[in-house]
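Participant: Following is a predicted model, sequence given first.
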Amino acid sequence: MGAQMKYIVCTGAILLFASVVLIYMFYIEAVFPSPKWLYIPNAEQHRNKSVEISPPQLRKDIMSHSEADIFPYINYSHFGMEWKGIIEELEWSYTNLNRELTMNKNVFVRGSGSYGLISMNKSRLFLVPAKRSIQQGNYIHVVMEAYDTYGNRRLRGGDFIQATMSNEKLKKGTAGRVFDYGNGTYSIYFYAAWKGRATINVELALDRQAIIFLKYLNTLEDKDRSMAWTVNLTDGTRYESIYCGIYQERTWEKKCDFIGLFSLGKVALVCDKPENFSCDAILRNKPKSRYIISMAKHRDDIKDVFNLFERASKPPKGKPIEVIMKASKTELKLPKCGPDLPVRLSSGYWINNLTFVPFTCRSQQWQKRDMQRCLSGKHLYMYGDSTIGQIYSQLGMPEEMHIVELTDMTHNFTILRAGTDIRTFEEQTTESVFIDDITDCSSSTPVLVLNFCFHFSTWTTRSYLDRLFSVKFALQRLLKRCPNSIIIIKLAHPRNHVNSGSAAHSSDFKSYDMNRMVRRIFGGMGINFLDLWDFVLSHSEKNDLHMPRYIIRQEVHYMFSYICPEMVKKKPSI
């Protein structure tokens, strides 16, 4: 009887507690209702009690556990977690290091007394396997072990290494794919594309310390003003010169600010307030850009590292390796050109100085009549910097390829750009506005060619990414109203640098890194990436911002293979 009474009392207590909790919850909801602005994913499903709610899929780390399980803060905020990239880098590098525990009673082991930057003259290159005769159609594997100027083995990666294989007599060339293991060892792969001799050359484009400096420079508060513009205001009798800059993380007061949330994200154009003119007068004038490097050179804490860029602007040559490729008939089975194609071990090679053979997808040397047939029923929209302008000129200028009339294409330049602009601020348009103006997709198929690289090298990473998201949302809107649109993003390529300043604010590593950002943001949307990095790097012509016309023509052939992949003939044997 006592046990039964205890059971009744316990059950009653539990029911009473549950009732109190429910009454309290209803009271809280009535007095403090959920804010209207609070977004709850799958809210409709939550209201429908018959629908089973699945928890969100969490990304699995390279460790065995779930990242959100071991580090639950990621569920609530992602801000200020740049260190995640450092963790991933260390996990990657330590995966490739021998971490076997050894018994050592000494906490410290005495070193050589000196530790320096990577030296390409001291670093070692060797073939794996160690044979110089390679069958055509195979891959050549070169391993580089990095050493410093004092002969110490460097046990960390991060140096920006670029490699080419060429035959100057035959005018053939290809780029190597570099794998950085994070431990001072690098693997480089080349496709044995032709019969005959080849020279492999490995260069240091930028060392780890220079890249660390660039990352540091990118965090400075005044970096957002590093790409600034001068605006000259006059009414005939009065004259003022003011400065404008792009602000993302800074605060300001008593300025002229211009917000473009749907065009520039959270980036604002902020100008000094004129004494004798209105803020609107700024928009009616043409801006002239100022460059970043003067800002960096006047800082005592960073000006001493500019020798890193002097060093990088004239990269030392690695020890060349000679190989002989034996003839073998090889046929590569390549996919049609299209969206989100993987980055292959080799991007292709120059069969001669005038013709590039891509390996990413099937391409061809287009005849003019086939190009015109490809563009039938399509309208070309082009937006970007002067390298996009080169393609635009090739397509429309009578003295060039002249595939289509200039009036049959819509073209616009990147705004907030380096150099003197021929248009006022109010005459300019951003990528997002340009894309939103594309509304006719019934009479013709929109073909949109974009790039966002060389004019953005001085922007902070956060400002640059924010602008890319504005473009992404505009492209999503375009694909919703014009699902048949063909979108091509032209990526950056290696370029020349006339001085250490250019190497600092527009380094090849910065361009390479921007390519990775673009692929990350626009990947999976059905976007075509026109990747020309290895294309330019492997040519015998010196890398330049504006490559010669005959190289641009090859870019056009490659681009058309993305516009009309169904017209590309089957890849011949090579």
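Facilitator: Here it is on my side, so go on. Numbering: from 1, shown residues only.
Participant: who touches G338 in this structure?
Facilitator: C361, N528, Y562, P565 (CB atoms under 8 Å, 6 or more residues apart in numbering). (C-beta placed from N, C-alpha, C; glycine too.)
Participant: ok, now how distant is it from P446?
Facilitator: As judged by CB to CB, to the nearest Å, G338 and P446 stand 17 Å apart.
Participant: now swap in Y139 and tell me
Facilitator: According to CB to CB, Y139 stands 39 Å off from P446.
Participant: the more surrounded of the two?
Facilitator: A count of neighbours by other CB atoms under 10 Å puts P446 above the other of Y139 and P446, at 22 against 13.
Participant: Quickly note the distance from the more buried one to Y381.
Facilitator: For P446, the distance to Y381 equals 6 Å [CB to CB].
Participant: and for those two, which residues touch both?
Facilitator: I438.
Participant: Just the ones in strands from the contacts of G338, please.
Facilitator: Of the positions in the contacts of G338, N528 sit in strands, assigned by DSSP state E.
Participant: how about the contacts of G338 in JSON lines, adding pLDDT?
Facilitator: Output for the contacts of G338, formatted as JSON lines (pLDDT from 0 to 100):
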{"residue": "C361", "pLDDT": "96"}
{"residue": "N528", "pLDDT": "98"}
{"residue": "Y562", "pLDDT": "98"}
{"residue": "P565", "pLDDT": "97"}
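Participant: Output the contacts of G338 in TSV; the columns should cover neighbour count.
Facilitator: Shown next, in TSV, are the contacts of G338 (neighbours: other CB atoms under 10 Å):
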residue	neighbour count
C361	20
N528	24
Y562	24
P565	18
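Participant: So which of the contacts of G338 is the closest to I74?
Facilitator: Set against I74, the nearest of these by CB to CB is N528 (32.7 Å).
Participant: ok, now how distant is G338 from N528?
Facilitator: Counting by CB to CB, the gap from G338 to N528 is 7 Å.
Participant: overlap in contacts of those two?
Facilitator: Contact criterion CB under 8 Å, 6+ apart; residues bridging G338 and N528 by contacting each: Y562.
Participant: Tell me, please, where in the stretch 1-150 of the chain the pLDDT is lower than the cut-off.
Facilitator: Within the stretch 1-150 of the chain, the segments meeting pLDDT under 70 span 1-71, 98-105.
Participant: at 50 instead, please
Facilitator: Within the stretch 1-150 of the chain, the ranges that satisfy pLDDT under 50 run 21, 24-64.
Participant: before we move on, back to that, which of the contacts of G338 fall in helices?
Facilitator: Per DSSP state H, helices hold the following members of the contacts of G338: Y562.
Participant: Please dump the contacts of G338 into JSON lines; it should also carry distance to F425 for every row.
Facilitator: Formatted as JSON lines, the contacts of G338 follow (distance: CB to CB, whole Å):
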{"residue": "C361", "distance to F425": "40"}
{"residue": "N528", "distance to F425": "32"}
{"residue": "Y562", "distance to F425": "34"}
{"residue": "P565", "distance to F425": "40"}
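Participant: from the contacts of G338, which is closest to E240?
Facilitator: N528 (46.0 Å).
Participant: so that closest one sits right up against K336, yeah?
Facilitator: No: N528 is not in contact with K336 according to CB atoms under 8 Å; the separation is 11.0 Å.
Participant: Please report phi then psi for S540.
Facilitator: phi -70, psi -20 (degrees, to the nearest 10).
Participant: Which residue ranges of the stretch 301-450 of the chain form strands?
Facilitator: In the stretch 301-450 of the chain, the strands defined using DSSP state E, counting those that start in this stretch lie at 321-326, 348-352, 355-358, 378-384, 409-413, 445-450.
Participant: need the ones you listed in JSON lines with distance to A198 and mean pLDDT, can you?
Facilitator: Formatted as JSON lines, these follow (distance: least, CB to CB, whole Å; pLDDT from 0 to 100):
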{"stretch": "strand 321-326", "distance to A198": "5", "mean pLDDT": "86"}
{"stretch": "strand 348-352", "distance to A198": "10", "mean pLDDT": "96"}
{"stretch": "strand 355-358", "distance to A198": "15", "mean pLDDT": "96"}
{"stretch": "strand 378-384", "distance to A198": "35", "mean pLDDT": "94"}
{"stretch": "strand 409-413", "distance to A198": "40", "mean pLDDT": "81"}
{"stretch": "strand 445-450", "distance to A198": "34", "mean pLDDT": "96"}
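Participant: Could I get the ones you listed in CSV, plus columns for distance to L117?
Facilitator: Listed next are the strands of the stretch 301-450 of the chain as CSV, based on distance: least, CB to CB, whole Å:
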stretch, distance to L117
strand 321-326, 23
strand 348-352, 32
strand 355-358, 34
strand 378-384, 36
strand 409-413, 39
strand 445-450, 37
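Participant: which one of those lies closest to I551?
Facilitator: For those, proximity to I551 was assessed by CB to CB; strand 355-358 is nearest, at 8.2 Å.
Participant: Run through the neighbouring helices and strands of the closest one.
Facilitator: Under the contact definition 3 or more CB pairs under 8 Å, 6 or more residues apart in numbering; DSSP states H and E, strand 355-358 sits against strand 348-352, helix 549-563.
Participant: So which residues make contact with that strand?
Facilitator: So strand 355-358 is contacted by 193, 347-351, 363, 365, 535, 539, 554, 558, 561, 574 (CB under 8 Å, 6+ apart).
Participant: From those residues, list just the buried residues.
Facilitator: Among these, those classed as buried by 16 or more other CB atoms under 10 Å are A193, S347, G348, Y349, W350, I351, S363, F535, H539, Q554, Y558, S561.
Participant: wait, isn't V178 in contact with Q162?
Facilitator: Yes: look at V178 against Q162 with CB under 8 Å: they come within range, at 7.1 Å.
Participant: Those two: which has the busier surroundings?
Facilitator: Neighbours were counted for V178 and for Q162 using other CB under 10 Å; Q162 has more, 24 against 18.
Participant: got the phi/psi numbers for the more buried one?
Facilitator: Main-chain dihedrals, Q162, degrees, to the nearest 10: phi -130, psi 150.
Participant: residues in contact with it?
Facilitator: Contacts of Q162 (CB under 8 Å, 6+ apart): A175, G176, V178, V202, E203, A205, P494, D508, L537.
Participant: and these as JSON lines, adding secondary structure and pLDDT?
Facilitator: Shown next, in JSON lines, are these (DSSP: H, G, I helix; E, B strand; the rest coil; pLDDT from 0 to 100):
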{"residue": "A175", "secondary structure": "strand", "pLDDT": "97"}
{"residue": "G176", "secondary structure": "coil", "pLDDT": "96"}
{"residue": "V178", "secondary structure": "strand", "pLDDT": "96"}
{"residue": "V202", "secondary structure": "strand", "pLDDT": "93"}
{"residue": "E203", "secondary structure": "strand", "pLDDT": "91"}
{"residue": "A205", "secondary structure": "strand", "pLDDT": "89"}
{"residue": "P494", "secondary structure": "coil", "pLDDT": "94"}
{"residue": "D508", "secondary structure": "helix", "pLDDT": "90"}
{"residue": "L537", "secondary structure": "helix", "pLDDT": "96"}
